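Participant: Predicted coordinates and the sequence they were generated for:
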Amino acid sequence: MEFAIATYALFKLGAILNPLNPSFNTNQVVAALNHLETSHLIIGAETNLTRKPPRSNVGLLTHFVPNLQSSNRLESELVPSLQQIVLVDNSSGRVDMRELQAAVPFEAVQKDNDQTLSDQGLHKDDVVNIQFTSGTTSSPKAACLSHRSILNNGIQIGDRMLLTPEDVVCCPPPLFHCFGCILGYMATATHGSAILFPTEAFDPLASLKAVQEYKATALYGVATMFLAELELLANGTVPYEGFQYLRTGIAAGSSVPSELMRKLHRILNLHELTICYGMTETSPVSIMTRTDDPMDKRTDTVGRLQPHVEAKVVHPDDPTKILDVNERGELAVSGYLLMTKYWGDPDKTAEVMIPDEHDPSKLWMLTGDEASMDEEGYVAITGRLKDLIIRGGENIHPLEIESCLLSHEDILEVSAVGVPDDRYGEVVSAFVRKRQGSTLSADEIRSWVREKLSGHLVPKYVFWVPPEDDYPKTASGKIQKFKLREDSVHLLRDGKGLE
């Protein structure tokens, strides 16, 4: 509730909202606050992360505000721009708020500001939201988004989902991420739909129970969230009842295997589920399926362009060379939805925002994703260019292997990555989490892929992810493949993966 109030209040003021990733450690928080010269920090007494107990924020706050507990006047040498800390009490009494004298309770801010706001002289192109990119491949960058870009993106997303005031949208993705604060808040607010947040951090059990209790008509998630929910239904933890009201939703955040899409249609009644493709830097959705797209287009592509958006597929080594229909290359996007810049980083901005060769005033955003576009304008995303496995000079797309393995009934979750190899340069490895009690072997996994795909796609190495463990993920639920690649090198050194 406090996030919603703060969001709309800041947008109306014309202040800039910068949601921070709750998984940031103390040094990352200090770096983020200083990078943006932050004036006010609104923070919970505790931070909640998936599958972890609540973490008190007192230690984090006293690190850069040493007098937090001893003075009414906030002073910070580490973050000199900081003027005020506003504290939300979400700790159920575990944190004594009275000790934090230099912080202001959220309730006091709300109470003191019940007033009519004068004209703030805002402009549609003002930066109003700075989103840190999620860091699946590298350190996060601060993307600057405008009133115009996020509001219009929200209404177009809701239009594609056919949202109405009768809809109840269950939104487990986190609010610091575009998924929660734009696909969530902006899409529902512009259509008068209700929005439902089950818990502060993703909990598959709470999400399914919220759908049942509130008769949700839509469910959001990234692939890993949907897989966790399907597992609870498969093992009987959650009874299969109360899902008849579901019709639509969004699967986004990372590539969604086609086999998972089919399961969501069949098991969770999400017959009008949409796929959203985008990136933080494009506010975020540039391409999206429709509820009535043919089934093959809704499982094998991410749909067609949103209104007022252009896209092209270019050669990865030469962005000026546009590729032909159905050719794979790097996707580039243009339109109202582009960020204005990376805050304080003109060099990184220039790397990804390329002027059009015929019209220098027009900019294209290089997405870093490999894609192809068919004759009807449907776009297929075949993976991150950085995630491609190059085996003996041949490009292998992890998504193809992951979708194949997910169709095996004993496999709950899988991520394919490339690992170094003396002969081929790189070979395929698969990190697999199997059903409890399954006797599935690595050789059976290899046979499954060999039968359904071709020999060069068969994982040379299979690493088991124990049921009680999880993949390294961002706080928004995306698997960090670069960390899996690092893990695989250590595991191979210890003689794992070939059994």
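Facilitator: That came through, no problem.

Participant: Wait, a strand at residue 8?
Facilitator: No: per DSSP: H, G, I helix; E, B strand; the rest coil, residue 8 lies outside any strand segment and is helix.

Participant: With residue 2 as the reference, measure out to it.
Facilitator: As for residue 8, its distance to residue 2 is 11 Å (criterion: C-beta to C-beta, to the nearest Å). Where C-beta positions appear, they are placed from N, C-alpha and C, glycine not excepted.

Participant: Counting neighbours, go ahead and name the busier of these two.
Facilitator: Using other C-beta atoms under 10 Å, the more surrounded residue of residue 8 and residue 2 is residue 2, with 16 against 13.

Participant: can you pull the contacts of that one?
Facilitator: With contact taken as C-beta atoms under 8 Å, 6 or more residues apart in numbering, residue 2 is in contact with 42, 88, 106.

Participant: Mind checking which of those residues are buried?
Facilitator: 42, 88, 106 (16 or more other C-beta atoms under 10 Å).

Participant: what phi and what psi does the backbone show at the last one?
Facilitator: Yep, that's residue 106 we're talking about. Per-residue torsions, residue 106: phi -60, psi -40 (degrees, to the nearest 10).

Participant: what's the closest non-adjacent residue to it?
Facilitator: Counting by C-beta to C-beta, 6 or more residues apart in numbering, residue 106 lies nearest to residue 88, which is 4.6 Å off, once chain neighbours are set aside.

Participant: how close does the one you found get to residue 326?
Facilitator: Distance from residue 88 to residue 326, by C-beta to C-beta: 50 Å.

Participant: Counting neighbours, what do you get for residue 173?
Facilitator: There are 24 residues near residue 173, going by other C-beta under 10 Å.

Participant: Would you verify that residue 381 is located in a strand?
Facilitator: Yes: membership of residue 381 in a strand is supported by three-state DSSP.

Participant: so what's it up against?
Facilitator: By C-beta under 8 Å, 6+ apart, the contact set of residue 381 is 255, 277, 302, 331, 369, 370, 371, 399.

Participant: so the residue nearest to residue 106 touches residue 104, yeah?
Facilitator: No: using C-beta atoms under 8 Å, residue 88 makes no contact with residue 104, being 10.7 Å away.

Participant: wait, what's in contact with residue 368?
Facilitator: 137, 279, 330, 352, 384, 385, 386.

Participant: Out of those residues, which one has the lowest pLDDT?
Facilitator: Among the contacts of residue 368, residue 137 has the lowest pLDDT, at 46.

Participant: measure residue 101 to residue 95 for me?
Facilitator: 14 Å.

Participant: re the thing from before, tell me the two of the contacts of residue 381 that are most distant?
Facilitator: Within these, 331 and 399 form the most distant pair, 14.5 Å apart (C-beta to C-beta).

Participant: Same drill for the two, tell me which one is more crowded.
Facilitator: residue 331 (28 against 20).

Participant: Which element, helix or strand, includes that one?
Facilitator: strand 329-335 (DSSP states H and E).

Participant: Can you name every helix or strand that that strand contacts?
Facilitator: With contacts taken as 3 or more C-beta pairs under 8 Å, 6 or more residues apart in numbering; DSSP states H and E, strand 329-335 sits against strand 309-315, strand 363-373.

Participant: for the stretch 51-200 of the chain, which spans come out with low pLDDT?
Facilitator: Residue ranges of the stretch 51-200 of the chain with pLDDT under 70: 112-114, 134-139.
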